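In: Sequence and predicted model, in that order:
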Amino acid sequence: MRLDIRHYLIAFVMGLLGIAVYWAIFHVTYPLNQNVTQTSVNTTICVKNWTGTVRPPTSFTTPLKAKLCAAQKCGNMANYELDHFVAIEIGGAPADPNNLVLQAYPEAHNKDAVENYLHKQICNKSITLKDAQAKIYNWKVIYQQISSKFGGVQSVDASNNEDD
C-alpha cells in the first residue's frame, strides 16, 4: 500500500486533534487573584503580612477541607493541609474552592518552601509574577533545585516566612 501526502496530512491533523483533546481534558489551571498583577505586586503580595488580609477564614476552609477529605477518603484530616495550589503569596485566588486542594504532610511543607522562594523572587524582581505562577505547576522540580541550592527546606523556609 502506497501512502500519499493526504494520508500524512490526515495523520498530522488527527495528531493535533489528539493533543487538543488531551490538553482540554488533562490541563488544569487554577484561579488567580485578579487584584494581583505585575504592576500591583509592591502594594499587594510584597507587602509584609498582606496574605493575612485576604486569606479566607477557618469558617470557610475547615468545612471545605472536611468535604474534600470525605470525597477523597483521606482518613485523618490532620495529615493534610488545605493548600492554595497557586499560593496567595504569588497571586492565587484566596477563597476560590477551585484553587484549594488537599496536600499530605510532609509534602505540603516542601511546596510551602517553593511558594516562599517564588514569592521572594517576585518581590526582589528576579522573576515576573506570571513566571512564578507558571513555575508552581512544576513545584516539585523547583523544590529539588532550591533544596540542593540552599541545603534543605529549612534554609529555604528561613529566607521568607510569608505563608501561602
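Out: Everything's here; your move.
In: Show the contacting residues for the residue nearest to residue 100 when sequence neighbours are not counted.
Out: The shortest distance from residue 100 to any non-neighbouring residue, by CB to CB, 6 or more residues apart in numbering, is to residue 82 (5.6 Å). Yep, even glycine has a C-beta here, placed from its N, CA and C like the rest. For residue 82, the contact set (CB atoms under 8 Å, 6 or more residues apart in numbering) comprises 61, 64-65, 68, 100-103.
In: Kindly report the same for residue 32.
Out: 86, 91-93, 133.
In: Quick check: bridge partners of it?
Out: Residue 32 has these beta-bridge partners by DSSP bridges: residue 92.
In: tally of neighbours for the residue nearest to residue 129 when sequence neighbours are not counted?
Out: Residue nearest to residue 129 in three dimensions, not counting chain neighbours: residue 38, with 4.9 Å by CB to CB, 6+ apart. The number of residues packed near residue 38 is 12, by other CB atoms under 10 Å.
In: how about residue 38, what does it touch?
Out: Contacts of residue 38 by CB under 8 Å, 6+ apart are 128-130.
In: Would you mind measuring from it to residue 134?
Out: 13 Å (CB to CB, to the nearest Å).
In: With residue 141 instead?
Out: On the measure of CB to CB, residue 141 and residue 134 end up 12 Å apart.
In: And residue 48, by the same measure?
Out: Taken as CB to CB, the span from residue 48 to residue 134 is 25 Å.
In: same check, this time on residue 95
Out: As judged by CB to CB, residue 95 and residue 134 stand 22 Å apart.
In: Which one's more surrounded, the two?
Out: Using other CB under 10 Å as the criterion, residue 95 and residue 134 rank with residue 95 on top: 17 against 12.
In: doesn't residue 59 make contact with that one?
Out: No: Residue 95 lies out of contact with residue 59 (CB atoms under 8 Å); the separation is 11.4 Å.
In: Great, nothing more from me.
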